[in-house]
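A.B. asks: build me a model:
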Amino acid sequence: MHADEAVQAAITRDLWLSGRYRYDPHEFHGPTLNYLSLPLLHMAGRQRFADTTAADFRRTPALFGAAAILLLLLLCDGLGRGAAIAAGGLLALSPAMVFYSRSYIHETLLAFFTLAAIGCGWRCLQLLRLVRNDANETTDGQALPFGGALRKNRAALWGWAVALGASVGMMQATKETAVLSYAAAAGALLGATVCFCRGTDNGGPNGSRSGDHSSDSDAVADRPAARSAQQRQPLNAKAMAAPLMVAAFAAVATAAVWFSSFGKNPRGIVDAVRTYTPWTERAAGASPHVQPIGYFARRLLWQRDDRGQWWSEGSIALCAVIGGLWAWRKRQSPDAAAPTAAQPDEAARGEPPYSTPFSPPRDRRGGHPELIVFLGLYSAILALIYSLIPYKTPWCMVQFWMPAILTAGAGVGLIVRWAWAALQKKNAAGIAAAAGAGLLLAAMPLQLGRQTHRAAFAAAADPRNPYCCAPTLPSVQKLEQRLEALLLAQPESPIAAAVLWHDGYYWPLPWYLRRYEPVGYWTALPAGPPDAASIGEGTDAASDMDNRAQATAAAEPPKGRNATDPYSMPVIIASTRFDAPLTAKLEQTHLMIDFYALRPDAMLMLWVREDLWRAHLKRLGRL
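C.D. replies: Residues are numbered from 1 along each chain as shown. Below you'll find the model as predicted:
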C-alpha cells in the first residue's frame, strides 16, 4: 500500500470506529473518500481495523471509476452514440484511469464528480433551449407539438440545476484542486461560446433566420428551420441566471455539509477556505514534488524506462486531436450549433428537432460539436494549468486526461465513419484506406490493454512505472508476511512494536503494523523512555499524525498509557541510518532479522527480541 493510501486508511479508521472526522486544511484533502468508504466496509463485514485489507479500501475508488463510464449516458446525445461507446471503452482501457482507480486516493472520485457536473450541465443547457423555444412558441400563440412540455421541461431544468450544484459541491468536498477545474471549465465555456457565436452571425449559413412568408404552407414548412435557427442562437444571461443561482446554492450547501462533518464540525467550513493558504504556497514550489513543465506530457505520451520499454497513451491523444479539430471545423456547417437536425418526415409534421432531453442524436456525423469543442478546450486548458504549476504529482493527470478521453471518443467515431465512407467507394484506394483505419483501431485497444495490465498489475509498484510516485516496494510484502508470522508465535497476547525513523515519512508502516498493540513512533533515536513518543493501539496514534516530519515530534502519548522504552519492545522497525547505534543498544536482547526496501530511497531493518524469535522458530519446528 502506498504511503498516501495508508494515511487515508488511517483517517477512515478513525471515522469508522469512533465517528470522528475533522477536516485538516493543511493536509489529506476532503472528506468524501473517507465517508463514502464506510458503506463498503460495513458490507464487507469488517469489525476491526486490524481485519481489513487493502482491497476493502480500494473498492471505493474502483467503483467510482467504473461508475464514471455509466455517466456517459448523460452525454450520449452530445457525443453521439458511437463516440460515447468509444469513450467508455477508452476510459476502461486507459492505463492512467485504471491505475488510479485502484489507488485509495481522491483523484478518481474528483474525476467522477467532475464528469457528473459536465453531464448535468449539458442536460441543463439542452433544457434551457427547450424551455426558451417552448416559451417563444407559446408567446406566438402556436400550439406546442407535445402537450405540457413547457412545465415538464422547467421542472426538469430545476432538477438538473440542483444535480449540477450538488456535483460541483462534491468536487469541492473531494479535493481542493477542484478550483483549477472550475477555472478551466470557465475558460472552455467562454472559448466554445465565442467559437459558435461567430459561426452563427447573421448572414452566414448558421445565422439564417426565418423571415416573412407568402403563404401559410411556406410558414408551416419553414417552422422547423426557424426553430433550428432559434436553437442556434446563444442563451442570454437572463435565461441562465435563475438556474445558475440554484446550482450555486446547491454547490455551497453540499460542500458545507461535507466539510462540517454533517454539522458536527462547523469550523470545517472556515477551514475549507483557509486551506488555500498552505496549498498555494505548496503549489508555488514549497514542496519536494516540484517538477518541470513537461512532466505530465512525458509520462503520458513518450516515456521509455531503463529496460527499453515504452509507455505511451499517445493513441488517445491523437484521437482527441482528431475529434477536437473535427468539431472545431464543423462549427462552420449549417447544423453545427443545432442540438439535433430535424429529419424530413419530422419537418413535414412540424415536430421539433428533439422532444426530450434524452433524445438520441439525429446527426449522422455524430454528436454536437459545441460539446466536443468544450471538452477539448477544457482538457487543454486544465493540462496547461497543471503543467505550469511547479507542484506536480502524477495522479493529477487524471483530471485533464478524462475529458481528453471523451474527446478521443469523438475522434474514434470520426475514424469509423471515415473508414465506412471509404469502403463504400468500392475501389482499391477506398478499401485500402478502410483496412488501414481498421488496423489502427484494432491495434489501439491491444496496445492500451497490454500497457494497462503492465501498469496496474504486473508492475504496479515498479519505480519505472510512469504512474507511480514514491511507490512502496514489493519487498514490504515480505516484511508483512514476517510480521504476520511473528503474531502467530504469540497468539494469546498482543505484541508491542516500535518504529524508529529519521523523519516523519515512515508511512505506510502504520498500515502494516495495524495488528500490533501498542505501537510507538519516534522520528529520532531516543536515549531512553521518550517524553514525546506517539504510542497507541494499532494505528490510533498513526491516524492522528501528519506524514510530515513535525507531526510525530509534537505528538503526545494517549491517555492511560505510560511512555514505553522502545528498546524493550519485542519488534523494532528502524531506518538503516540507525544501524550502528541500534546494534550497540540491541545486540544483547534482539536479533536483526533482515533488511527491507520501503521506497526507492528508504531502507529499513527488522529487529526481533530473542524470546519472541525463539517462539517463532519453535512454532515452525526449527527449535
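
A.B. asks: can you give me the mean pLDDT across the helix or strand harbouring residue 399?
C.D. replies: Element membership of residue 399 [criterion: DSSP states H and E] is helix 397-424. Summarised as a single mean, pLDDT over helix 397-424 is 94.

A.B. asks: what does stretch 505-521 give?
C.D. replies: Averaged across stretch 505-521, pLDDT comes to 94.

A.B. asks: for the longest strand that the chain contains, the distance to its chain's centre please.
C.D. replies: Counting by DSSP state E, the longest strand found in the chain is strand 590-599. When distances are taken as C-alpha atoms, centre = their mean, to the nearest Å, strand 590-599 is centred 36 Å away from the chain's centroid.

A.B. asks: state the next helix or strand along the chain beyond that strand.
C.D. replies: Counting by DSSP H and E, what follows strand 590-599 is strand 602-609.

A.B. asks: quick revisit: just the buried positions in the helix holding residue 399, please.
C.D. replies: Buried positions in helix 397-424, judged by neighbour count with 16 or more other C-beta atoms under 10 Å: 397-417, 419, 422-423. Where you see a C-beta, it was placed from the backbone N, CA and C, and this is true even at glycine.

A.B. asks: now stretch 604-617
C.D. replies: By 16+ other C-beta under 10 Å, the buried positions in stretch 604-617 come out as 604, 605, 606, 607, 608, 609, 612, 613, 615, 616.

A.B. asks: one more: stretch 573-582?
C.D. replies: Neighbour counts over stretch 573-582 (16+ other C-beta under 10 Å) mark 573, 574, 575, 576, 577, 578, 582 as buried.

A.B. asks: ramachandran angles for the third one?
C.D. replies: I take that to be residue 575. When quoted as degrees, to the nearest 10, the phi and psi of residue 575 stand at phi -70, psi 140.

A.B. asks: residue numbering should commence at 72 henceforth.
C.D. replies: Will do, 72 is the new start, and the previous item becomes residue 646.

A.B. asks: where in the chain is pLDDT low?
C.D. replies: Low-confidence segments of the chain (pLDDT under 70): 205-221, 269-308, 402-437, 599-635.

A.B. asks: show me the strands in the stretch 522-671 of the chain, by range?
C.D. replies: 568-571, 590-593, 605-607, 642-646, 661-670 (DSSP state E, counting those that start in this stretch).

A.B. asks: list the neighbours of the last one that are in contact with it.
C.D. replies: So the one you mean is strand 661-670. With contacts defined as C-beta atoms under 8 Å, 6 or more residues apart in numbering, strand 661-670 is touched by 74, 541-544, 546-547, 549-550, 553, 580, 643, 647, 654, 657, 674-681, 684.

A.B. asks: again, only using 7 Å
C.D. replies: Residues outside strand 661-670 that contact it (C-beta atoms under 7 Å, 6 or more residues apart in numbering): 541-544, 546-547, 549-550, 553, 643, 647, 674-681, 684.

A.B. asks: helices or strands up against the longest helix anywhere in the chain?
C.D. replies: Counting by DSSP state H, the longest helix found in the chain is helix 178-210. For helix 178-210, the elements it packs on are helix 125-141, helix 166-172, helix 220-245, helix 287-303, helix 308-330, helix 468-495, judged by 3 or more C-beta pairs under 7 Å, 6 or more residues apart in numbering; DSSP states H and E.

A.B. asks: for the ones you listed, could you give me JSON lines that also reports distance to residue 373?
C.D. replies: JSON lines is the format used below for these (distance: least, C-beta to C-beta, whole Å):
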{"stretch": "helix 125-141", "distance to residue 373": "25"}
{"stretch": "helix 166-172", "distance to residue 373": "14"}
{"stretch": "helix 220-245", "distance to residue 373": "31"}
{"stretch": "helix 287-303", "distance to residue 373": "41"}
{"stretch": "helix 308-330", "distance to residue 373": "38"}
{"stretch": "helix 468-495", "distance to residue 373": "14"}
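
A.B. asks: tell me which of the ones you listed sits nearest to residue 82.
C.D. replies: The minimum distance between residue 82 and those falls on helix 125-141, with 10.7 Å, by C-beta to C-beta.
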